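Chemist: Let's see this in three dimensions:
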Amino acid sequence: MEASYLIGVDVGVSFVKAGVYATNGRCLATAQNVSPGEYPEPGVFIQSNADYLYTVTKTIRETVEKAGIDTSKVEAVGISGAMGGATGVDKEWNVVLDWSIISDTRYYTYVTRMKETAGEQILRLSGTNFPIFGPKLLWWKHDFASSYNKVRKFMFLGGYLIGTLCELPIEDAFVDRTFLQISSLADIAADRWSDDLCRAFGIEASLLPRIVDSHEVVGKLSPKYADACGLAAGTPFVAGAGDKPAGSIGAGLVEPGILIDESASFAALSLCVDIYAPDLEYKTLENMPSPIKGHYFPWFYLIGSGVTHAWFKDNFAGELQLKGEQDGVSAFQRLDEEASAVPPGSEGLLALGLLGGRGFPSDPDIRGMWIGHTWSHKRAHFYRALLEGFAYEYACVLNVMKKTYPDISLDEVRIIGGGARSELWNQIKSDVMGLKYVKLSRDDFALLGDIIIAGHAVGVYEDMKMTCRQFVEETENFTPQAENHRIYENYVRYYSDVFDKVRGMFQDLQRMGR
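Modeler: Model prediction:
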């Protein structure tokens, strides 16, 4: 058996996952449970802190039991958590306002209010075009004043879980710096709450948690919760990070110029830089602090891109799904095989796959469209055009990154998430962007990031960058093909201009449908 262990816990909106790791990065066991939550009516999403606390302790215990380890040799626990939300507790850590995330849209009025009042200042100081934590607090302050007035500290979910498990004094409530972009109330460059932003919205800075580094030991497991977790009382808990920055560290986003393409339900493209420079001109990039101090992750996401892939498969490839159930070959793989026979540019067919609107820059009226199809275009053309359209969106963002950070040489794109399995899409994105795409040797990136941060906090790992390089290897490369890149450059230019041409059509259609 290994001499000592680290535990990572990833607390997501849909699932809670935990892993026990040897200090050499080998995963010994994992467990996963569904995160509690319900949609009682449109625009309302309810999650309970108490349910989350139970699910987290249960998942940790199940993982430890699977691993069969000596729990006295657990060096530390690191937690990464869902980022886009807020919760509030009183001075005894009793929950006053349960964890509320972006999916509960009742607070949207206050997003608009904050952006209209100080949108440029929020972007400059907090690095975000879409505030979440701050508007949640304003919503509670104005619509649930009696509850708001009982809160002693507002915080994020990970901070609540660790504070409760370690029975911290309320004055020790914390948030790690990777959440500051989501807050819309922080001065990221200075690692502090912004007096100007708090004053502008009437939010008392005393209600906000202290800001710490991701690798700070913030508490030790209380005897009260030791048995529920299956761990020894006194086990150190580390501040950890948001789920996205933890996963980015796990995947090796540790050097300026490296990018990560998170090909998931909401695909995201992130760049590592060593300078804080918010995107004030294009308002396309969010700017998230890295767990490695001095590094930042300018990033953007595609609203529901993976969901759109599934929509296409479900509605236009039903027979491929049935065939896949018989021969074990997925419908996505069959669609890739069909689309591989279509030349770059899909023979003049262009797709807008933004069925839920364009997120960054914000363009909520945009919807889906295929432009240029004729009788000669088949399903394979439509699917390839969809893949290419998302790649064009990435290329537009890549151009913003180059202009915003002209002194940083962009190196390679590391691909993670379910979409990494598509060799066709990896090659398309490499050709469109003109960058090397790299597949990695593992896929447990958030948990790996958790234990790297936790291990650094307690001295197991001296250097997080070096540790990331040791634990993750490149397994396959996709290099841009010069001729395809030349063809795609014309399509990217057309794609970048198409939104102004079609926006009015979408607006008219939406008005007609009301």
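
Chemist: residue ranges with poor pLDDT in the stretch 51-200 of the chain?
Modeler: Residue ranges of the stretch 51-200 of the chain with pLDDT under 70: none are present.

Chemist: quick one, helices of it?
Modeler: For the stretch 51-200 of the chain, the helices defined by DSSP state H, counting those that start in this stretch occupy 108-126, 133-143, 145-148, 157-165, 180-183, 195-201.

Chemist: helices or strands up against the fifth one?
Modeler: Using 3 or more Cβ pairs under 8 Å, 6 or more residues apart in numbering; DSSP states H and E, the elements in contact with helix 180-183 are helix 108-126, helix 133-143, strand 286-289. Where you see a C-beta, it was placed from the backbone N, CA and C, and this is true even at glycine.

Chemist: Now do the second one and helix 108-126, the angle between them.
Modeler: Read it as helix 133-143. 140 degrees (axes from the mean of the first three to the mean of the last three Cα atoms, to 10 degrees).

Chemist: Next, the buried residues of helix 133-143.
Modeler: For helix 133-143, burial by neighbour count (16 or more other Cβ atoms under 10 Å) applies to 133-141.

Chemist: Farthest pair within those residues?
Modeler: Phe133 and Lys141 (12.8 Å; Cβ to Cβ).

Chemist: Take the helices and strands packed on helix 180-183 and lay them out in TSV including distance to Val96.
Modeler: Below are these laid out as TSV (distance: least, Cβ to Cβ, whole Å):
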stretch	distance to Val96
helix 108-126	18
helix 133-143	9
strand 286-289	28
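
Chemist: To Glu412, which of those lies closest?
Modeler: strand 286-289 (19.9 Å).

Chemist: Which strands and helices lie in contact with whichever helix or strand comes after the closest one?
Modeler: With elements assigned by DSSP states H and E, the helix or strand that comes after strand 286-289 is strand 296-301. If you count contacts as 3+ Cβ pairs under 8 Å, 6+ apart, strand 296-301 packs onto helix 243-250, strand 268-271, strand 286-289, helix 379-404.

Chemist: The second one pairs with which strands?
Modeler: In this case it means strand 268-271. When pairing is defined by DSSP bridges, strand 268-271 lines up against strand 259-262 (antiparallel), strand 296-301 (antiparallel).

Chemist: For that strand, list the C-alpha coordinates in CSV.
Modeler: Backbone C-alpha positions of strand 268-271 (Å, rounded to 0.1, in the frame of the first residue of the first chain) are rendered in CSV as follows:
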residue,chain,number,x,y,z
ALA,A,268,-15.2,26.4,-23.1
LEU,A,269,-11.9,27.7,-24.5
SER,A,270,-9.4,28.9,-21.9
LEU,A,271,-6.0,30.5,-22.2
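
Chemist: ok, residues contacting that strand?
Modeler: Contacts made with strand 268-271 from outside it, assessed by Cβ atoms under 8 Å, 6 or more residues apart in numbering, are listed as 244, 248, 253, 257-262, 288, 297-302, 394, 397-398, 401, 405, 408, 410, 413.

Chemist: Kindly supply the ChimeraX command isolating those of those residues that are buried.
Modeler: To isolate the buried members of these in ChimeraX, using 16+ other Cβ under 10 Å:
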select :244,248,253,258,259,260,261,262,288,297,298,299,300,301,302,394,397,398,401,405,408,410,413
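
Chemist: Pick the one among the buried residues of helix 133-143 closest to Ala351.
Modeler: Using Cβ to Cβ, the buried residues of helix 133-143 come closest to Ala351 at Pro135, 32.9 Å.

Chemist: residues in contact with the closest one?
Modeler: 107-108, 110-111, 113-114, 184.

Chemist: what about the residue lying closest to it once chain neighbours are set aside, neighbour count?
Modeler: In this structure, Pro135 finds its nearest non-sequential neighbour in Tyr110, 3.8 Å apart by Cβ to Cβ, 6 or more residues apart in numbering. A count of nearby residues for Tyr110, using other Cβ atoms under 10 Å, gives 21.

Chemist: my guess is Tyr110 contacts Phe133, does it?
Modeler: No - the criterion here is Cβ atoms under 8 Å, and Tyr110 misses it with Phe133 at 11.0 Å.

Chemist: any idea what the residue at the greatest distance from the centre of the chain is structurally, helix, strand or coil?
Modeler: In the chain, Trp375 marks the outermost C-alpha relative to the chain mean, sitting 40.1 Å out by Cα atoms, centre = their mean. Three-state call for Trp375 (DSSP: H, G, I helix; E, B strand; the rest coil): coil.

Chemist: Next one: it from His381, what distance?
Modeler: 11 Å (Cβ to Cβ, to the nearest Å).

Chemist: Just the C-alphas of stretch 366-385, formatted as CSV.
Modeler: The C-alpha trace of stretch 366-385 is given here as CSV (Å, rounded to 0.1, in the frame of the first residue of the first chain):
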residue,chain,number,x,y,z
ILE,A,366,-29.2,34.6,-32.0
ARG,A,367,-30.6,31.1,-32.7
GLY,A,368,-29.8,28.2,-35.0
MET,A,369,-29.5,28.3,-38.8
TRP,A,370,-28.0,26.5,-41.8
ILE,A,371,-27.2,28.8,-44.7
GLY,A,372,-26.5,27.8,-48.3
HIS,A,373,-27.9,24.3,-48.5
THR,A,374,-29.0,22.8,-51.8
TRP,A,375,-30.5,19.5,-53.0
SER,A,376,-27.0,18.1,-53.1
HIS,A,377,-26.4,18.5,-49.3
LYS,A,378,-27.0,15.5,-47.2
ARG,A,379,-27.0,14.8,-43.4
ALA,A,380,-23.2,14.5,-43.4
HIS,A,381,-22.9,18.1,-44.7
PHE,A,382,-25.2,19.5,-42.1
TYR,A,383,-23.4,17.7,-39.3
ARG,A,384,-19.9,18.7,-40.5
ALA,A,385,-21.1,22.3,-40.9
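
Chemist: From Val342, how far off is the residue farthest from the centre of the chain?
Modeler: Between Trp375 and Val342 the distance is 15 Å, computed by Cβ to Cβ.

Chemist: same question, Trp140
Modeler: 51 Å.

Chemist: Val111 too?
Modeler: Distance of Val111 to Val342, computed by Cβ to Cβ: 40 Å.

Chemist: any idea what sits nearest Gln510, other than its immediate chain neighbours?
Modeler: Once flanking residues are discounted, Gln510 sits nearest to Asp365: 6.8 Å by Cβ to Cβ, 6+ apart.

Chemist: mind listing what that neighbour touches?
Modeler: Taking Cβ under 8 Å, 6+ apart, we find Asp365 in contact with 357, 503, 506-507, 510.

Chemist: of all the residues you listed, which two lie farthest apart?
Modeler: With Cβ to Cβ as the measure, no two of those lie farther apart than Gly357 and Gln507, at 11.8 Å.

Chemist: Show me which helix runs longest in this protein.
Modeler: With secondary structure taken from DSSP state H, the chain has its longest helix at helix 482-512.

Chemist: which secondary structure elements does that helix contact?
Modeler: So helix 482-512, by 3+ Cβ pairs under 8 Å, 6+ apart, packs with strand 350-352, helix 379-404, helix 423-433.

Chemist: Reformat those into TSV and put mean pLDDT and distance to Asp227 next to each item.
Modeler: Compiled in TSV, the helices and strands packed on helix 482-512 are given as follows (pLDDT from 0 to 100; distance: least, Cβ to Cβ, whole Å):
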stretch	mean pLDDT	distance to Asp227
strand 350-352	96	54
helix 379-404	96	48
helix 423-433	97	46
